[in-house]
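[1] I'd like to go over a predicted model; first the sequence, then the structure.
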Amino acid sequence: MRSTTRLLALGALLASPVQAAAQASPPLPWSAPATTRVTVEDRKFASGDAELSGTLYMPASAKPVAAIVVTHSASSPLRGASLYDHLKTILPALGIAVFVYDRRGSGESGTQSAGGNFNILADDAIAAAQSLKGDPRIDPRRIGTWGLSQGGWISPLAASRSRDIAFVVSVSAPVVTADVQMIFSSTNHLRANGYSDADVEQMVAARKAVDGYMRGTVSRADAQAKLDGIKTKPWFKYLYMGETFRDREISGWRKEIENDPLANLGSVTVPTLILYGADDAVVPVADSTERLKGVAAKMPKMQVHVIGGADHAMQMSPDLKVALDPKHDGTERPDSPEYFAVLASWLAAQGLVAD
């Protein structure tokens, strides 16, 4: 019954996305004490030879609680990114701790990045989960991961590599390789901004040439020539590419496109929630959900849900051109009520919400 009460209170939480921060402010003379009390703690943990830094949002509880480790989207590497604010507010109110850390090479987590190696990023998430297991306030059997976009790839990969991950929430993660996803995204960026089919064809040809070089089927000179032909185009900024590329033997992009997220998912045996926005112009949702149908019989603990009206960041964005503008990268803030409701309901169904 108390779990149901917590879920019914979700509407009030959505109206106050910065409640956790507000709790630290001096109370107004007429204010009432908040039901949810959250302790905010900065903490460090080791992953391999790196020391990473994060913040734990810990709800007050008489019993050990479940916890979620947040994995990063490509454009939001810092723990303070607006993309993660809703987790810090909603999840502690459900009795779930949240741990957000600076991705390696960002913020207070050193200067050495993972170089596009998803295995390293997944191992960082595993190390974060393992660091929480020693906290007596957290139930070591109920620590999972949440990730959006690239983080939605990292979260299931972590679960496939460690038994310390008890559940997975993967949001807006394409179940296609990174090169396929980026061609889909760049095509929509160009079309939303009024560029012609000829521009789209030239962009696709250049992208495929670079990807072909990474796979060893196109020469470096030919790939660079294709890239040189578009780098002065006004739409080049929508491709998220550099004007040159690294040697395929050391390229992080090669590592990314060689990673098949469907293979990673097939190795996940824990409860998994996969969420997409129906209006996502960054990820090929239709292709992704179709591929997921092919493994559904082998993954009885997987649930897939497409959120009506939501974009890539689970925002109810009516303007595609604005949603795809690179200047907004890193400022996303999920606001879909359906997303919040489905997430909370699924967590409760897994027995993760406090009684």
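    Arrived safely, thanks for sending.

[2] SS state for residue 195?
    coil (DSSP: H, G, I helix; E, B strand; the rest coil).

[3] with residue 97 instead?
    Assignment for residue 97 (three-state DSSP): strand.

[4] show me what it is bridged to.
    residue 67 (DSSP bridges).

[5] low-confidence ranges, the stretch 251-355 of the chain, go.
    For the stretch 251-355 of the chain, the stretches flagged by pLDDT under 70 are 318.

[6] now do the helices in it.
    252-257, 261-266, 285-295, 320-323, 337-349 (DSSP state H, counting those that start in this stretch).

[7] make a markdown table out of these and add mean neighbour count and distance to residue 212.
    All C-beta atoms are positioned from the backbone trio N, CA, C, and that covers glycine. Output for those, formatted as a markdown table (neighbours: other C-beta atoms under 10 Å; distance: least, C-beta to C-beta, whole Å):
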| stretch | mean neighbour count | distance to residue 212 |
| --- | --- | --- |
| helix 252-257 | 19 | 10 |
| helix 261-266 | 19 | 21 |
| helix 285-295 | 15 | 21 |
| helix 320-323 | 15 | 30 |
| helix 337-349 | 19 | 37 |
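
[8] now render the ones you listed as a markdown table, adding distance to residue 312.
    Below are those laid out as a markdown table (distance: least, C-beta to C-beta, whole Å):
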| stretch | distance to residue 312 |
| --- | --- |
| helix 252-257 | 17 |
| helix 261-266 | 16 |
| helix 285-295 | 9 |
| helix 320-323 | 7 |
| helix 337-349 | 12 |
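
[9] so which of these gets nearest residue 34?
    helix 337-349 (18.2 Å; C-beta to C-beta).

[10] find the nearest non-adjacent residue to residue 224, please.
    With sequence-adjacent residues excluded and distances taken as C-beta to C-beta, 6 or more residues apart in numbering, residue 224 is closest to residue 244, at 6.9 Å.

[11] SS state for the one you found?
    Once three-state DSSP is applied, residue 244 turns out coil.

[12] how close does it get to residue 353?
    From residue 244 across to residue 353, the span is 50 Å (C-beta to C-beta, to the nearest Å).
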